[in-house]
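Visitor: For reference, the sequence and a predicted model appear below.
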Amino acid sequence: MSGRAFLAVLRRDVYVTGRELPSFLAQTLVQPFFFLLVFVVVLGRGGFVAEGYGEIMLPGLIALNAMFGALQSVTLPLVFELSWTREIDDRLLAPMPVWAVAVEKVVFASLRGLLASLLMVPIGLLMIDVSWPPEGLLPALAMVVLGSLLGAAMGLTIGTAVPPRRINVIFAVIFTPLLFTGSVQYPWLTLEDLRWFQVLSALNPLTYVSEGLRAALVPQVPHMPLWLCVVVPVLAVVLFMLLGIRGFLRRALD
């Protein structure tokens with residue numbers, strides 16, 4: 001019964017996303033599209049960035065969409081549901097454990113992050129000329145799934161820890177540094193002459209997803225070892241899931 005209830009709630013969330021597909025696409029694709037347009041197409045044609053920079057940045061944008069698409073799908077809705085709307089109460093009445101409600105939100109947000117990242121691929125391929133090795137496609141897909149799970153787990157932790165009146169501040173204080181220190185626009189190994197920023201980037205879980213995608217899709221570019229790009233996000237997912245479920249139980253049963 002718990003399994004059927006879990007799938008029913010998940011199916012309902014997926015159905016709602018289908019009904020709100022235009023807003024979902026705008027939320028997840030507009031920002032990375034303009035990143036690619038300005039940093040690669042516009043600056044590239046002006047000679048301000050090196051030729052082939054698009055091959056470096058596109059994997060980072062795919063990682064960004066996977067992680068942020070999932071993170072945003074959990075954080076804001078959860079803040080509202082646990083405070084003002086109390087919509088979460090309806091889900092808690094479902095015949096499944098309370099912790100399973102939190103897991104369902106993570107699974108659903110991961111699916112949204114996965115879709116957001118996959119939709120970025122044809123957009124990038126239309127805008128820039130890239131050539132990816134076929135043997136790297138499966139590891140790249142695994143990194144995208146891992147990045148989506150990581151973003152959803154982080155969103156669960158943030159959504160249960162942040163009071164509603166502080167959510168706008170959190171978006172500015174947390175999300176912007178995550179965006180610009182996640183090795184989206186640069187390979188991590190190229191920061192050796194800027195050691196303090198390299199260390200700061202190493203503390204960002206997004207860095208390992210970006211580097212893992214580069215290791216799979218553009219192996220000729222300097223990158224972290226693929227095994228490290230898998231181990232760190234897996235550990236981060238476990239940590240944030242434990243923190244997020246603990247916070248969810250505290251807030252939901254309050």
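Guide: Ah, there it is. Residues are numbered from 1 along each chain as shown.
Visitor: OK, contacts around the nearest residue to residue 32 once chain neighbours are set aside?
Guide: Ranked by Cβ to Cβ, 6 or more residues apart in numbering and with sequence neighbours excluded, the top spatial neighbour of residue 32 is residue 61, at 4.5 Å. Glycine gets a C-beta too; all of them are placed from N, C-alpha and C. With Cβ atoms under 8 Å, 6 or more residues apart in numbering as the criterion, the residues that contact residue 61 are 32, 35, 36, 120, 124, 184.
Visitor: now this structure, which segments are flagged as low pLDDT?
Guide: Across the chain, the stretches falling below the confidence threshold (pLDDT under 70) are 1, 84-87, 254.
Visitor: Remind me which helix or strand residue 8 belongs to.
Guide: Residue 8 belongs to helix 2-19 when assigned by DSSP states H and E.
Visitor: other SSEs contacting the next helix-or-strand element following that helix?
Guide: Reading on from helix 2-19 to the C-terminus, the next helix or strand found by DSSP H and E is helix 21-36. Helices and strands in packing contact with helix 21-36 are listed as helix 53-82, helix 98-127; criterion 3 or more Cβ pairs under 8 Å, 6 or more residues apart in numbering; DSSP states H and E.
Visitor: can you map out the helices along the stretch 101-250 of the chain?
Guide: Using DSSP state H, counting those that start in this stretch, the helices of the stretch 101-250 of the chain run over residues 137-161, 167-170, 176-180, 195-202, 205-217, 226-252.
Visitor: Just name the most buried of the ones you listed.
Guide: Scoring these by mean neighbour count under mean count of other Cβ atoms under 10 Å gives helix 205-217 as the most buried, with a mean of 28.
Visitor: Would you mind writing the CA trace of that helix as CSV?
Guide: What follows is the C-alpha trace of helix 205-217 in CSV, where atoms were taken according to Å, rounded to 0.1, in the frame of the first residue of the first chain:
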residue,chain,number,x,y,z
PRO,A,205,29.4,20.0,-5.0
LEU,A,206,28.4,21.3,-8.4
THR,A,207,32.1,21.4,-9.3
TYR,A,208,32.3,17.6,-9.3
VAL,A,209,29.3,17.2,-11.5
SER,A,210,30.6,19.7,-14.0
GLU,A,211,34.1,18.0,-14.0
GLY,A,212,32.5,14.6,-14.3
LEU,A,213,30.6,15.6,-17.4
ARG,A,214,33.8,17.1,-18.9
ALA,A,215,35.7,13.9,-18.1
ALA,A,216,33.0,11.9,-20.0
LEU,A,217,32.2,14.3,-22.9
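Visitor: for the helices of the stretch 101-250 of the chain, which one sits closest to residue 27?
Guide: For the helices of the stretch 101-250 of the chain, proximity to residue 27 was assessed by Cβ to Cβ; helix 137-161 is nearest, at 13.5 Å.
Visitor: Can you check what angle separates the closest one from helix 53-82?
Guide: Using axes from the mean of the first three to the mean of the last three Cα atoms, to 10 degrees, the interaxial angle of helix 137-161 with respect to helix 53-82 works out to 30 degrees.
Visitor: Which strands or helices does the helix holding residue 8 pack on?
Guide: Under the contact criterion of 3+ Cβ pairs under 8 Å, 6+ apart, helix 2-19 touches helix 98-127.
Visitor: from the contacts of residue 61, which single one is nearest residue 233?
Guide: When the contacts of residue 61 are compared for distance to residue 233 (Cβ to Cβ), residue 184 comes out closest, at 15.0 Å.
Visitor: tell me, how many neighbours does the closest one end up with?
Guide: 29 (other Cβ atoms under 10 Å).
Visitor: Now it. Nearest residue, chain neighbours left out?
Guide: Distance criterion Cβ to Cβ, 6+ apart; nearest residue to residue 184, sequence neighbours excluded, is residue 60 at 3.6 Å.
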